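Chemist: Give me the fold of what follows.
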Amino acid sequence: MVAGVFLFTLFAGSQGYGAVTAVSVQSPALATDGTVSVTSPVHFEATAESTLKITGYVVYVDGENVFQNFVPLLDAWVVLGSGTHTAYIKAWDSSGALLSTPTYDIDVTGFAPPTPPVSGAHIMHIDEVSWRVDNSPDVGGQCNDGSIGSFQSATDPNTENSPDFGGTGQLFIVTSKCQYDDALFIRSDNKSPSPYARDTNFLWDFWFYIPASTQAGSFQALESDLYQAVQMSDGVHEFMFGSQCNYATNQWQFWLPQNGKLTWVNGGYSPCQFTTGSWHHATYFLQRVTVSGYQEIPASFTSSTDTNTDLRFGTLTIDGNTIYLGGLSNSTIPQNPKWSPTLGVQHQLDSAKSGVTIEEYMDNESLTTW
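Modeler: A predicted model of the protein is given here:
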């Protein structure tokens, strides 16, 4: 056995019938005795051999299906909570013949953002393109008075020393005319057809800065969302990965189902009010999954074969500290107006007082999807 590669081989079957003869697991590095420590999301990679074509894999954790595909290779990122889990992998071929690895133990001892594949779509410098401001009543709040200012500043912050050192980015502003004054700042990719429609993994990364002159009591909430709209067999589904720091309660909140509707739900993580006068680094890992909570990757993505109709909040990293989220939510089918397939990010500023100015600088924002 090569170090770091677990190979399970079975020579069986007769000519004319399929037989999966080997399953080789490249990641995580396994041990047939003892427990292997891993970080979550866990990267499962495997290959298999058969007398016929390999057509799919299933990853089981604690006896439950956590990933399934219908292609010859296994490459999956599975979000797991902390603690010890059992895991095994099954592979099958075009005849339906199966082979399973033994069950082994893994211990999730920490969390870290995944390393995306080279083949992923890398959408860089989102902060350097044009954004739009949504000041419509649909944004919420009692009034809506947002604007986009000039990013370049020689004082607070010195944008020449911003994270990408380019002097380019976004400055989002709300000058409140009422207590709860909200504005939404949006960047969408509306290519048709959408080149991201088949993507189910999202690694979103950005830096943000709140000026030192801003009082924490001026904010009601500081919100960041990633959204995707995908054509499926019953219509265009909107996936809204919503998150915010509720400054009033100092709690992280996520857009999750509660009492039969989607709403802001406390994630159990506090505090979340950010230090002013310094740059902060945020990284989200998010997934589209089936209603059962696992990903199912078809041999070919179409509106009828894509069954990943729900959302999984994976991990959130703030200034190098990664926390497990794990929340499962549902997509919606908007009726008015109907959405077209798209992918985008947005940030929202909500004031807590009338007559204050709240600002957020955004820099070095990127998104990788696969």
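Chemist: Going by C-alpha atoms from here, please, whenever you check contacts or count neighbours.
Modeler: OK.
Chemist: sec struct for the spatially closest residue to residue 82 that is not a sequence neighbour, please.
Modeler: Distance criterion CA to CA, 6 or more residues apart in numbering; nearest residue to residue 82, sequence neighbours excluded, is residue 108 at 4.7 Å. When states are read from DSSP: H, G, I helix; E, B strand; the rest coil, the local structure at residue 108 comes out as strand.
Chemist: Quick one: name whatever helix or strand follows whichever strand or helix holds residue 252.
Modeler: Here residue 252, judged by DSSP states H and E, is contained in strand 251-258. On the C-terminal side of strand 251-258, the closest following helix or strand by DSSP H and E is strand 261-266.
Chemist: neighbouring contacts of that following strand?
Modeler: Under the criterion CA atoms under 8 Å, 6 or more residues apart in numbering, residues 251-258 lie in contact with strand 261-266.
Chemist: Let me have those residues in JSON lines, adding pLDDT, distance to residue 17 and neighbour count as columns.
Modeler: What follows is the contacts of strand 261-266, written out as JSON lines (pLDDT from 0 to 100; distance: CA to CA, whole Å; neighbours: other CA atoms under 10 Å):
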{"residue": "251", "pLDDT": "97", "distance to residue 17": "58", "neighbour count": "20"}
{"residue": "252", "pLDDT": "98", "distance to residue 17": "55", "neighbour count": "23"}
{"residue": "253", "pLDDT": "98", "distance to residue 17": "53", "neighbour count": "23"}
{"residue": "254", "pLDDT": "98", "distance to residue 17": "50", "neighbour count": "24"}
{"residue": "255", "pLDDT": "98", "distance to residue 17": "50", "neighbour count": "23"}
{"residue": "256", "pLDDT": "98", "distance to residue 17": "48", "neighbour count": "23"}
{"residue": "257", "pLDDT": "98", "distance to residue 17": "48", "neighbour count": "15"}
{"residue": "258", "pLDDT": "97", "distance to residue 17": "50", "neighbour count": "11"}
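Chemist: Could you export those residues as TSV, including distance to residue 81?
Modeler: TSV is the format used below for these (distance: CA to CA, whole Å):
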residue	distance to residue 81
251	20
252	18
253	19
254	17
255	20
256	18
257	20
258	21
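Chemist: out of these, which one sits closest to residue 241?
Modeler: Closest approach to residue 241 among the contacts of strand 261-266 (CA to CA): residue 255, at 6.7 Å.
Chemist: how close does that closest one get to residue 277?
Modeler: 28 Å (CA to CA, to the nearest Å).
Chemist: got it, and residue 225?
Modeler: Residue 225 sits 23 Å away from residue 277, going by CA to CA.
Chemist: Equivalent analysis for residue 267, please.
Modeler: Following CA to CA, the distance that separates residue 267 from residue 277 is 26 Å.
Chemist: Give me the more crowded residue out of those two.
Modeler: Summary of the neighbour comparison: residue 267 and residue 277, criterion other CA atoms under 10 Å, with residue 267 having more neighbours (17 against 14).
Chemist: And that one, its phi and psi?
Modeler: For residue 267, the backbone dihedrals are phi -90, psi -10 (criterion: degrees, to the nearest 10).
Chemist: Wait, it touches residue 250, no?
Modeler: No. Between residue 267 and residue 250 there is no contact, the gap being 11.2 Å when judged by CA atoms under 8 Å.
Chemist: Can you give me the domain assignment for this structure?
Modeler: Domain assignment for the chain, taken from automatic domain parsing, gives 6-111, 121-369.
Chemist: who's in contact with the residue nearest the centre of the chain?
Modeler: Centroid-nearest residue in the chain: residue 286, 1.5 Å away (criterion: CA atoms, centre = their mean). For residue 286, the contact set (CA under 8 Å, 6+ apart) comprises 201-203, 241, 311-315.
Chemist: show me where pLDDT drops low in this protein?
Modeler: Of all residues in the chain, those with pLDDT under 70 make up the ranges 1-16.
Chemist: Run a quick neighbour tally on residue 153.
Modeler: Each residue near residue 153 was counted by other CA under 10 Å, and the total is 11.
Chemist: List the ones among the contacts of residue 286 that fall in helices.
Modeler: Among those, DSSP state H puts none in helices.
Chemist: Same list (the residues you listed) but as CSV, adding neighbour count and distance to residue 193.
Modeler: Compiled in CSV, the contacts of residue 286 are given as follows (neighbours: other CA atoms under 10 Å; distance: CA to CA, whole Å):
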residue, neighbour count, distance to residue 193
201, 22, 19
202, 21, 19
203, 22, 22
241, 23, 22
311, 26, 22
312, 25, 25
313, 23, 26
314, 26, 27
315, 24, 29
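Chemist: All good on my end, thank you.
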